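Enquirer: sharing a model that was predicted from the sequence below.
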Amino acid sequence: MSRILLRVATGLTLGFLYLPLFVIGLYAFNNSRAQSWPIQEYSLKWFGEAAASTSVRDAFVLSVTVGLEATLLALLLGSLVSLAVHRFRFFGRGALSLALVLPIALPGIITGMALNASFHNFGVPFGTLTIIVGHATFCVVVVYNNVIARLRRSSKSIEEASMDLGADTWQTFRHVTFPVLRTAIVAAALLAFALSFDEIIVTTFTAGTQETIPIWILNHLRLPNQRPIVNVVALGLILLSVIPVYFAQRLSSDTSGAAAINR
Amino acid sequence: MTTPELARPRGNRRIFGWLHRHPRVKLGALLVVPAGWFGVIYFGSLALLFAYAFWSLDPQTGEVVKQFTLANFQRILEKPVYGTIVIRTVAVAAIVTVVDALIAFPIAYYMARVASPRRRALLFMSILLPLWASYLVKTYAWRILLAPNGPFDWGFKLFGFDGFSDIFGISDLSMTVVFIYIWLPYMILPIYAGLERIPNSYLEASADLGAKGGPTFRRVVLPLAMPALVAGSIFTFSLTLGDYIIPALVSNTQFIGNVVFASQGVAGDIPFAAAYSLVPVGIMAIYLLVARHFGAFDEL
């Protein structure tokens, strides 16, 4: 009896979670400019319009640029910290891992407002660079979590074996540690990119007049004649924020450290 | 093999060998860039935010006057509207947290204790994907769902109920529903992880001692799941507290974030925006202290 109730609750909750995503998917194919339900006729025409719009293309290029550069920075910073925290005991070790979580644990307006105040104070012009700095800051924790989880699961003895066989620190890192970490780093990069691509709150405080894809949607969704294009861009944004996560999840759960080094 | 190719690894070898013998230097090399980034850019900015809160804006010139003043905080305390906005924001964050916990518990329990491993993995992915699906698009999708002549309005009209979009539409109720929807996965996943860790033997022991489903749930499962529940609540509470997009898109009311955003943007009053943004920092500090008491930090 209680199991049936649990099943029903689970089904309803899943329905609740997916209904809005499903509806936005349908509306992207709505032929009409009017947004009333039920949809009378489906078409692909707004996809062409969205692809032809210069403001959408500019926003897309900016989002991809910011996403890639913030991801690269986050990979560098996050991997370095996770190696340091995993290998060494040092003063402030606990505080450091807390510091990495803060940019996403604190409400987004605080990270955004702090960076905004700081850029303003030092006269840094708002633009692509300031967006990247903000995004890299909150993406580090994703990389750190993935890489340190892999480091903790992989055994230290394979590195010791490598050293015993005469490899130096660099060779051990290059041929043993890095292959173990590789899939975790790829997964982290996918997650960091997805996080950056979709972020809006911190971005609104650091972007100035620049439009990333989420800001483009925010600026256009109230304009009735832009709604069909907004729907298409919205569907694109859902796919671009979900597909990387799907692959990242596959990578981090399927491949253990030992399996990675066997290849 | 030419000489440069041989020379490079040798140089590397010397550097890495030396680093291996001096682990503190190696640690320093690993940490200097990340510690610099977080220490200077992030904590520097937070410190500056704190400083700005005690500075003021010259009303004539529009320039920031870098002299200590409590004027911003006086304004927050004296104008009732700022207090009302804080209370509203905290109240909605609390309601969202409680409702999310109630919705999340059954599905998390099903995933952790009833579903087969295969189905559990599938459900995990089914919760994870909506969590990551664009936050803004999900909010926008609710605007479409709740709009006059939208899917919900149409559905209620089928049953002869015409007033749907008067009640929902752009309103505080809609805003609360959207918050509940958006942060729900952030509550489900920690509770699931917490429930999954409870050993079966505990439940068997409880049953052996004569407890039925209800008492076992109340006296064994719930206390053991409490840290995970509180961990989930940190997300739902903090994320609602710091949001301003959802109130702007599906309601006509203001949250703390709306005031902060408008103050730094339209009004150009960064000192006041900084001061008001310290209010959620203070609230979260208290919340995190209470959460730590429940052991929630081990679950994050």
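Expert: Ah, there it is. Numbers count the residues shown, from 1 in each chain, chains lettered A, B, ... in the order given.
Enquirer: name the residue of the stretch 201-300 of chain B that lies nearest to chain A.
Expert: Closest to chain A within the stretch 201-300 of chain B is B:Gly242: 1.9 Å, counting by C-beta to the nearest C-beta. (C-beta placed from N, C-alpha, C; glycine too.)
Enquirer: ok but B:Gly169 is inside a strand, no?
Expert: No: read with DSSP: H, G, I helix; E, B strand; the rest coil, B:Gly169 is coil and lies in no strand.
Enquirer: contacting residues around it?
Expert: With contacts defined as C-beta atoms under 8 Å, 6 or more residues apart in numbering or on different chains, B:Gly169 is in contact with B:146-148.
Enquirer: do the same with B:Leu128
Expert: A:245, A:249, B:185, B:189.
Enquirer: ditto for B:Met175
Expert: Residues in contact with B:Met175 (C-beta under 8 Å, 6+ apart) are B:92, B:246-247, B:250-251, B:253.
Enquirer: swap in 10 Å and give it another go.
Expert: Contact analysis of B:Met175 by C-beta atoms under 10 Å, 6 or more residues apart in numbering or on different chains lists B:92, B:96, B:139, B:142, B:240, B:243, B:246-253, B:255.
Enquirer: and if you look at A:Leu181?
Expert: Applying C-beta under 10 Å, 6+ apart to A:Leu181 gives the contacts A:79, A:82-83, A:146-147, A:150-151, A:154, A:173, A:188, A:257, A:260.
Enquirer: per-residue confidence at it?
Expert: Predicted confidence (pLDDT) for A:Leu181: 89.
Enquirer: A:Leu106 too?
Expert: Looking at A:Leu106, its pLDDT reads 83.
Enquirer: ok, it - contacts?
Expert: Counted by C-beta under 10 Å, 6+ apart, A:Leu106 has contacts A:114, A:138, B:46, B:238, B:241-242, B:277, B:280-281, B:284-285, B:288.
Enquirer: now the two most distant members of the residues you listed.
Expert: The widest separation within the contacts of A:Leu106, taken as C-beta to C-beta, falls between A:Phe138 and B:Ala285 and amounts to 19.3 Å.
Enquirer: higher neighbour count, these two?
Expert: Between A:Phe138 and B:Ala285, A:Phe138 has the larger neighbour count (other C-beta atoms under 10 Å in any protein chain shown), namely 26 against 10.
Enquirer: not counting sequence-adjacent ones, nearest residue to that one?
Expert: Excluding the flanking residues, the one nearest A:Phe138 by C-beta to C-beta, 6 or more residues apart in numbering or on different chains is A:Pro103, at 4.0 Å.
Enquirer: where does the one you found land in three-state SS?
Expert: What three-state DSSP gives for A:Pro103 is helix.
Enquirer: how close does it get to B:Val33?
Expert: For A:Pro103, the distance to B:Val33 equals 17 Å [C-beta to C-beta, to the nearest Å].
Enquirer: can you check A:Ile158 too?
Expert: Distance from A:Ile158 to B:Val33, by C-beta to C-beta: 27 Å.
Enquirer: same deal with B:Asp243?
Expert: From B:Asp243 to B:Val33 the distance is 32 Å (C-beta to C-beta).
Enquirer: same thing with B:Ala141?
Expert: Taking C-beta to C-beta as the measure, B:Ala141 falls 40 Å from B:Val33.
Enquirer: between these two, which one's more packed in?
Expert: Taking other C-beta under 10 Å, B:Ala141 and B:Val33 do not tie; B:Ala141 has more neighbours (25 against 14).
Enquirer: contacts only, for the more buried one.
Expert: B:Ala141 makes contacts with A:19-25, A:27, A:231, A:234, A:238, B:133-134, B:178, B:181, as judged by C-beta under 10 Å, 6+ apart.
Enquirer: check which helix or strand covers it.
Expert: Element membership of B:Ala141, judged by DSSP states H and E, is helix B:135-146.
Enquirer: and that helix, C-alpha only, in PDB?
Expert: C-alpha atoms of helix B:135-146 as PDB (Å, rounded to 0.1, in the frame of the first residue of the first chain):
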ATOM      1  CA  TYR B 135      17.200  28.200 -14.800                       C
ATOM      2  CA  LEU B 136      16.000  31.100 -16.900                       C
ATOM      3  CA  VAL B 137      14.300  28.900 -19.500                       C
ATOM      4  CA  LYS B 138      12.500  27.000 -16.700                       C
ATOM      5  CA  THR B 139      11.200  30.300 -15.300                       C
ATOM      6  CA  TYR B 140      10.200  31.500 -18.800                       C
ATOM      7  CA  ALA B 141       8.400  28.200 -19.300                       C
ATOM      8  CA  TRP B 142       6.300  28.800 -16.200                       C
ATOM      9  CA  ARG B 143       5.400  32.300 -17.600                       C
ATOM     10  CA  ILE B 144       4.000  30.400 -20.700                       C
ATOM     11  CA  LEU B 145       2.300  27.700 -18.600                       C
ATOM     12  CA  LEU B 146       0.500  30.300 -16.400                       C
END
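Enquirer: pLDDT below threshold where in the stretch 1-150 of chain A?
Expert: The model of the stretch 1-150 of chain A has pLDDT under 70 over residues A:1.
Enquirer: not counting sequence-adjacent ones, nearest residue to the residue in it that chain B sits nearest to?
Expert: Among the residues of the stretch 1-150 of chain A, A:Pro107 lies nearest to chain B; the distance is 1.9 Å by C-beta to the nearest C-beta. Leaving aside its sequence neighbours, A:Pro107 sits nearest to B:Gly242 (C-beta to C-beta, 6+ apart; 1.9 Å).
Enquirer: anything in stretch B:74-85 near chain A?
Expert: No: in terms of C-beta under 10 Å from any C-beta of the partner chain, no part of stretch B:74-85 sits within range of chain A; the closest distance is 12.9 Å.
Enquirer: list phi and psi for A:Ser43.
Expert: When read as degrees, to the nearest 10, the backbone of A:Ser43 gives phi -160, psi 170.
Enquirer: counting neighbours, which of the contacts of A:Leu181 comes out on top?
Expert: In terms of neighbour count, A:Ala188 stands highest of the contacts of A:Leu181 at 30 neighbours, by other C-beta under 10 Å.
Enquirer: no further questions, thank you.
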